[in-house]
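> Coordinates for the following, if possible.
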Amino acid sequence: MRPVIGIASSKMYVSDNRVDHFFHASHCYVEGIIRSGGIPLLLPIMNEDSYPVEEILEAVDAVLLTGGVDPAPHLYGEVPHSRLGEVDYERDQAELRLIRALLGKRKPVLGVCRGAQMIAITVGGTLIQDIESVYPNALQHQQIGSKQYGSHYVQVSDGFLKMALRADKVLVNSSHHQAVKTLPTGYKVTAVAPDGVVEGFESEDGRIIAVQWHPERMWMHDEQMLGICKEFVQLVKQQDELL
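Numbers count the residues shown, from 1 in each chain. Take a look at the predicted model:
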């Protein structure tokens, strides 16, 4: 039985329509899940009291949290930095509710970029609001070159990511100016850039995986990076077999 992987979709306008919102997610997430043996299911994420998050999660075996704009800093006890980017507070609240429900149901979660940051915030971690302001010699984490190809290396330590990528050093792409600063007990950093920026973390129980780069853009042409999606689908299958 193929596991069903929910893809948390966000709202957007399209260029010729400023009246209606549309729920969307990159085709890369969808195609990666299919190629990895899973069934993708787009989940509309809404900040509404009537939103049936518990019932919706009954339809999926795991969830993939996608990228996007900066989370609101007051969610982790800070005031806005001068270089804070665009914030979507409605999405913040909707994803906080979704992640809390997932943690309660003990379902696997894979967070990408903003998705990783929202996981960190939900479990009690904090973020660096602007990398260049904290790391004067930081790498170019908002790469100018083709974003579907790698731009810098990360060091990977023991855990899900090392098993999925089958390497302890890997070339990744980079489209972020924020990163995880602190994590609570029960979570460990498993990928770090040469300048010290956290690029990946995992829960000690192995159910929560988070990456700061965008593997979905790379796994369209990079089999090593597709290993993250394949290993996640396998993890979900194993979880289902234990239930």
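> contact partners of the helix or strand containing V63?
Element membership for V63 (DSSP states H and E) is strand 62-65. Contact partners of strand 62-65, identified using C-beta atoms under 8 Å, 6 or more residues apart in numbering, comprise 3-8, 29, 33, 43, 57, 95, 98-99, 102, 107-112, 114-116, 118-119, 232, 235-236, 239. (C-beta placed from N, C-alpha, C; glycine too.)
> the helices in this structure, which residues?
Using DSSP state H, the helices found in the chain span residues 27-35, 53-57, 89-105, 114-122, 131-134, 160-165, 215-218, 223-242.
> Just put these in a markdown table and tack on distance to D195.
Output for the helices of the chain, formatted as a markdown table (distance: least, C-beta to C-beta, whole Å):
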| stretch | distance to D195 |
| --- | --- |
| helix 27-35 | 26 |
| helix 53-57 | 37 |
| helix 89-105 | 27 |
| helix 114-122 | 17 |
| helix 131-134 | 8 |
| helix 160-165 | 18 |
| helix 215-218 | 20 |
| helix 223-242 | 21 |
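> Export those as JSON lines, with columns for mean pLDDT and mean neighbour count.
Shown next, in JSON lines, are the helices of the chain (pLDDT from 0 to 100; neighbours: other C-beta atoms under 10 Å):
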{"stretch": "helix 27-35", "mean pLDDT": "98", "mean neighbour count": "19"}
{"stretch": "helix 53-57", "mean pLDDT": "96", "mean neighbour count": "14"}
{"stretch": "helix 89-105", "mean pLDDT": "97", "mean neighbour count": "18"}
{"stretch": "helix 114-122", "mean pLDDT": "98", "mean neighbour count": "25"}
{"stretch": "helix 131-134", "mean pLDDT": "96", "mean neighbour count": "16"}
{"stretch": "helix 160-165", "mean pLDDT": "98", "mean neighbour count": "22"}
{"stretch": "helix 215-218", "mean pLDDT": "98", "mean neighbour count": "26"}
{"stretch": "helix 223-242", "mean pLDDT": "92", "mean neighbour count": "18"}
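> To N173, which of the ones you listed lies closest?
Closest of the helices of the chain to N173 is helix 215-218, at 5.8 Å (criterion: C-beta to C-beta).
> Please enumerate residues in contact with the closest one?
Contacting residues not belonging to helix 215-218 are listed as 26, 28-29, 32, 112, 147-150, 172-173, 225-226, 228-229 [C-beta under 8 Å, 6+ apart].
> make it 7 Å
Helix 215-218 is contacted from outside by S26, C28, Y29, G32, V112, K147, Q148, Y149, G150, N173, M225, I228, using C-beta atoms under 7 Å, 6 or more residues apart in numbering.
> List the contacts of the fourth one.
With contact set as C-beta under 7 Å, 6+ apart, G32 has these partners: E216, W219, L226, C229.
> Next: V154.
Residues counted as contacts of V154 (C-beta under 7 Å, 6+ apart) are V170, V172, A191, V192, A193, E199.
> Apply 10 Å and report the result again.
Counting by C-beta atoms under 10 Å, 6 or more residues apart in numbering, V154 makes contact with 161, 165, 168-172, 174, 190-194, 197-200, 211-213.
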